[in-house]
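Asks: Dropping the sequence and predicted coords here.
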Amino acid sequence: MKIVGVGAGPGLLTKEAIKAIENAVIIFGSQRAIELAEEHIKCKPILLKDYTLRNLPENAVILSTGDPMLSGLGKYAKKGDEIIPGISSVQIACARLCLEMDDLSIITAHSRDIVIVKEQLQRELKNGKKIFLLPDPSFGVKEIGSFTKNAGFSKKISVCEKLGYPEERIVTGTTDELPVAGSDMYCVIIT
């Protein structure tokens, strides 16, 4: 099986990803992943229903939005599976904000235990790290900002929405004046 990162938005496929997609005889993916790669798909794509990637054919190409190893489908790869990286939201956000990644901590709250996420966030802030955070509906920008402030940190908070799409939007505020997310497709940067 090949798990192929299709990028965070349109036009972000790598040459390696395009080659894998064009040569695929069977492709699975979410609706969004299929849409991002559709101009290169030569077979009929199948909507992925089981995101644990169980019971899929060995010759399947699985499309993963962003990069498969950033809160993506790469975590379900088995020994012998190939993972082709994609342009991730963390790469785009850092580029847009001129933020080096070498002192950045990546935290995923999406479908995670929020108590553990809060512990990790507090630990990384205490260690002086900048944070890239993928939110969860129960732990969005408002909750993240409130938690950060209540933990004693005064920080800049940026909401990066629909990165790579024409309607991309980045707005920066602080823990005192939080930016507002206008969609559910966003990440948060704390600096």
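Replies: Good, I have the coordinates. Numbers count the residues shown, from 1 in each chain.

Asks: count of residues packed around Ile131?
Replies: 20 (other Cβ atoms under 10 Å). Every residue, glycine included, has its C-beta placed from N, CA and C.

Asks: Where does it sit, in terms of helix or strand?
Replies: Ile131 belongs to strand 130-134 when assigned by DSSP states H and E.

Asks: mean confidence for that strand?
Replies: Confidence over strand 130-134 (mean pLDDT, whole number) is 98.

Asks: State the paired neighbours of it in the sheet, together with their directions.
Replies: strand 104-108 (parallel), strand 186-190 (antiparallel) (DSSP bridges).

Asks: which residues are in contact with the lengthiest helix in the chain?
Replies: When the chain is parsed with DSSP state H, its longest helix is helix 114-126. The contact list for helix 114-126 (Cβ atoms under 8 Å, 6 or more residues apart in numbering) reads 105, 107-109, 131, 133, 136, 138-139, 144, 147-148, 151, 153, 155, 190.

Asks: Ok, stretch 25-38 next?
Replies: Taking Cβ under 8 Å, 6+ apart as the rule, stretch 25-38 contacts 4, 6-7, 9-10, 12-13, 17, 21, 41, 43, 45-48, 56-57, 59-65.

Asks: Burial check on Asp113, number of neighbours?
Replies: Asp113, neighbours per other Cβ under 10 Å, totals 9.

Asks: sorry, back to before: and the strands paired with strand 130-134, which is most packed in?
Replies: The highest average neighbour count among the strands paired with strand 130-134, using mean count of other Cβ atoms under 10 Å, belongs to strand 186-190 at a mean of 24.

Asks: Include mean pLDDT when you put the strands paired with strand 130-134 into TSV, please.
Replies: Shown next, in TSV, are the strands paired with strand 130-134 (pLDDT from 0 to 100):
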stretch	mean pLDDT
strand 104-108	96
strand 186-190	98
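
Asks: and of these, who's closest to Arg169?
Replies: If you check each of the strands paired with strand 130-134 against Arg169 by Cβ to Cβ, strand 186-190 wins as the nearest, at 8.5 Å.

Asks: gap between the closest one and the chain center?
Replies: 11 Å (Cα atoms, centre = their mean, to the nearest Å).

Asks: Remind me which helix or strand the residue lying farthest from the centre of the chain belongs to.
Replies: Going by Cα atoms, centre = their mean, the residue of the chain most distant from its centre is Gly152, 27.5 Å out. Assigned by DSSP H and E, Gly152 belongs to no helix or strand.

Asks: What are the boundaries of the strands in the chain?
Replies: Taking DSSP state E to define them, one finds strands in the chain at 2-5, 27-29, 46-47, 61-64, 82-84, 104-108, 130-134, 156-161, 169-174, 186-190.

Asks: With only the CA atoms kept, save the first one in CSV.
Replies: Coordinates of each C-alpha in strand 2-5 appear next as CSV, following Å, rounded to 0.1, in the frame of the first residue of the first chain:
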residue,chain,number,x,y,z
LYS,A,2,1.1,3.6,-0.6
ILE,A,3,-0.1,6.4,1.6
VAL,A,4,0.3,9.6,-0.4
GLY,A,5,0.2,13.1,1.1
